[in-house]
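Asker: model the structure of this input:
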Amino acid sequence: MFGVNFIKFDSMNYVIHFKNGKTKKEGRGLSFFYFAPNSSIVSIPMESKDFQFIFNETTKDYQEISIQGQITFKVKDPKQLAEVLDFTVDGGKNYLKDDHDKIQQRIINEAQTASAGVIQQLTLKESLRQLQKIETQILESVQNSKTVAMLGLEILSVNVLRVSPNPEMARALEAQTREALQKEADQAIYERRNFAVEQERTIKESELNTEIAIEEKQKQIAQKQMETEVVKQENEQKLKEMDMTSNISLEDQKQKLISLKVENEKKEADAKEYVLNASLRPYKELDWKTLMAINTNGIDPKNNIALAFRELAENAGKIGNLNISPDLLDSMLNSKTK
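Answerer: Here you go, the predicted model:
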């Protein structure tokens with residue numbers, strides 16, 4: 001009515017009310033009456049916004065790739081943004097211009113410039129493997145961009161969701177990857193087999209070393225037994241030698257004892273012989289007849305008869321005839337023995 005209107009904004013909008021070209025009021029979530037002929041209202045959305053992007057870039061080795069991602073931003077300084085772009089709304093809160101769409105395009109331009117600088121330093125395989133590096137460098141580049149600072153924006157995040165080559169290169173890479181995987185699998189099988197062979201060889205070497213150690217130990221034991229046996233035989237030989245020496249010494253002592261005994265007996269016999277010779281020396285010159293006559297005690301009559309016959313035999317030349325009958329001889333012998 002008469003150009004006076006009422007308008008209300010929520011808290012996610014920063015509102016600036018210009019009256020006659022001067023700031024009348026500003027802030028978030030304002031509601032007020034205004035006179036339309038001399039007023040203009042600027043509404044800047046303060047919520048964070050996301051948008052998708054797809055960039056086609058060329059790698060260091062001249063391969064085309066596609067980068068897909070998402071950027072999240074919000075308005076940090078609405079007054080600064082209002083100085084650069086037009087966010088004027090009408091009474092129905094409709095923007096009079098489409099400058100709000102320019103924010104997204106300017107951020108995309110900065111992000112694409114950053115991504116091109118990153119990708120041109122990487123090969124195709126590096127680009128496919130280093131998403132985190134690409135993402136970090138794009139984020140840092142956009143955050144430090146003069147354009148973003150001039151717009152009063154804050155870049156909250158940059159997410160690189162996918163880096164993909166063109167279809168032909170993708171198929172070639174798949175084939176190469178399959179071949180590499182197959183080669184790795186073959187190498188793994190070879191290494192497992194080689195490891196098994198090596199393990200078997202190690203086990204056999206260990207068994208052989210064990211057998212060698214056992215044989216060496218048995219050899220040492222046998223050598224020790226031989227040495228023990230030699231020592232035993234040497235000790236036995238020494239004992240035998242000592243026993244033989246003892247026996248020889250004993251035999252020598254026995255020999256000496258026998259010699260001494262023989263010598264003593266010889267001396268005793270010589271002494272007896274001397275005594276006997278001394279005692280018989282007076283009778284040595286006597287006739288046996290005299291000796292027989294002297295020794296009358298204890299003489300057997302038979303011996304006397306024998307001596308008588310001997311005497312007769314010695315004087316047989318002087319005797320003519322001598323008759324001795326058996327009866328006479330028997331009576332003589334019997335009478336003497338009674």
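
Asker: make it CA atoms for all contacts and neighbour counts henceforth
Answerer: Fine.

Asker: and stretch 208-218, how far out from the chain middle?
Answerer: 20 Å (C-alpha atoms, centre = their mean, to the nearest Å).

Asker: this protein: helices as residue ranges?
Answerer: 78-84, 99-119, 124-129, 131-143, 146-151, 167-280, 288-294, 301-314, 326-337 (DSSP state H).

Asker: got those helices as CSV, with mean neighbour count, distance to residue 34 and mean pLDDT columns?
Answerer: As requested, these are exported to CSV (neighbours: other C-alpha atoms under 10 Å; distance: least, C-alpha to C-alpha, whole Å; pLDDT from 0 to 100):
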stretch, mean neighbour count, distance to residue 34, mean pLDDT
helix 78-84, 17, 20, 91
helix 99-119, 17, 24, 91
helix 124-129, 17, 56, 87
helix 131-143, 19, 38, 92
helix 146-151, 16, 28, 93
helix 167-280, 12, 59, 82
helix 288-294, 11, 208, 61
helix 301-314, 13, 207, 65
helix 326-337, 11, 208, 60
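
Asker: which one of these lies nearest to residue 61?
Answerer: helix 124-129 (6.7 Å; C-alpha to C-alpha).

Asker: returning to what we had before: let's have the helices of the chain in JSON lines, adding distance to residue 57.
Answerer: Shown next, in JSON lines, are the helices of the chain (distance: least, C-alpha to C-alpha, whole Å):
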{"stretch": "helix 78-84", "distance to residue 57": "30"}
{"stretch": "helix 99-119", "distance to residue 57": "6"}
{"stretch": "helix 124-129", "distance to residue 57": "10"}
{"stretch": "helix 131-143", "distance to residue 57": "12"}
{"stretch": "helix 146-151", "distance to residue 57": "22"}
{"stretch": "helix 167-280", "distance to residue 57": "14"}
{"stretch": "helix 288-294", "distance to residue 57": "173"}
{"stretch": "helix 301-314", "distance to residue 57": "172"}
{"stretch": "helix 326-337", "distance to residue 57": "176"}
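
Asker: looking at these, which is nearest to residue 26?
Answerer: helix 78-84 (9.4 Å).

Asker: and that closest one, how far from the chain's centre?
Answerer: With C-alpha atoms, centre = their mean, you get 74 Å for helix 78-84.

Asker: give me the helices and strands touching that helix, please.
Answerer: strand 39-45, helix 146-151 (3 or more C-alpha pairs under 8 Å, 6 or more residues apart in numbering; DSSP states H and E).

Asker: rerun at 7 Å
Answerer: In terms of contacts (3 or more C-alpha pairs under 7 Å, 6 or more residues apart in numbering; DSSP states H and E), helix 78-84 is packed against helix 146-151.

Asker: elements contacting the helix it packs on?
Answerer: helix 78-84.

Asker: give me the contacts around the helix it packs on.
Answerer: Residues outside helix 78-84 that contact it (C-alpha atoms under 7 Å, 6 or more residues apart in numbering): 14, 44, 151-152.

Asker: on the pLDDT front, check residue 284 for me.
Answerer: Residue 284 is assigned 61 on the pLDDT scale.

Asker: for the one 3 residues further on, same thing?
Answerer: On pLDDT, residue 287 comes in at 62.

Asker: now residue 10
Answerer: 91.

Asker: that one: neighbour count?
Answerer: 12 (other C-alpha atoms under 10 Å).

Asker: separation between it and residue 49?
Answerer: 17 Å (C-alpha to C-alpha, to the nearest Å).

Asker: isn't residue 18 right up against residue 39?
Answerer: Yes. Using C-alpha atoms under 7 Å, residue 18 is in contact with residue 39, at 5.6 Å.

Asker: which one of the helices of the chain lies nearest to residue 69?
Answerer: Among these, the nearest to residue 69 by C-alpha to C-alpha is helix 131-143 (8.9 Å).

Asker: break the chain down into its domains, please.
Answerer: Domain segmentation of the chain under automatic domain parsing yields 4-165, 288-337.

Asker: need those domains in a markdown table (columns: distance to residue 239).
Answerer: As requested, the domains of the chain are exported to a markdown table (distance: least, C-alpha to C-alpha, whole Å):
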| stretch | distance to residue 239 |
| --- | --- |
| domain 4-165 | 92 |
| domain 288-337 | 65 |
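
Asker: relative to residue 195, which of those is closest?
Answerer: Here domain 4-165 is closest among the domains of the chain (C-alpha to C-alpha), at 31.7 Å.

Asker: distance from the chain centre to that closest one, please.
Answerer: The answer for domain 4-165 is 64 Å, by C-alpha atoms, centre = their mean.

Asker: again with stretch 207-227
Answerer: For stretch 207-227, the distance to the chain centre is 24 Å (C-alpha atoms, centre = their mean).

Asker: residue contacts, residue 245?
Answerer: Not one residue lies near residue 245 by C-alpha under 7 Å, 6+ apart.

Asker: I meant to write residue 97 there.
Answerer: Counting by C-alpha under 7 Å, 6+ apart, residue 97 has contacts residue 86.
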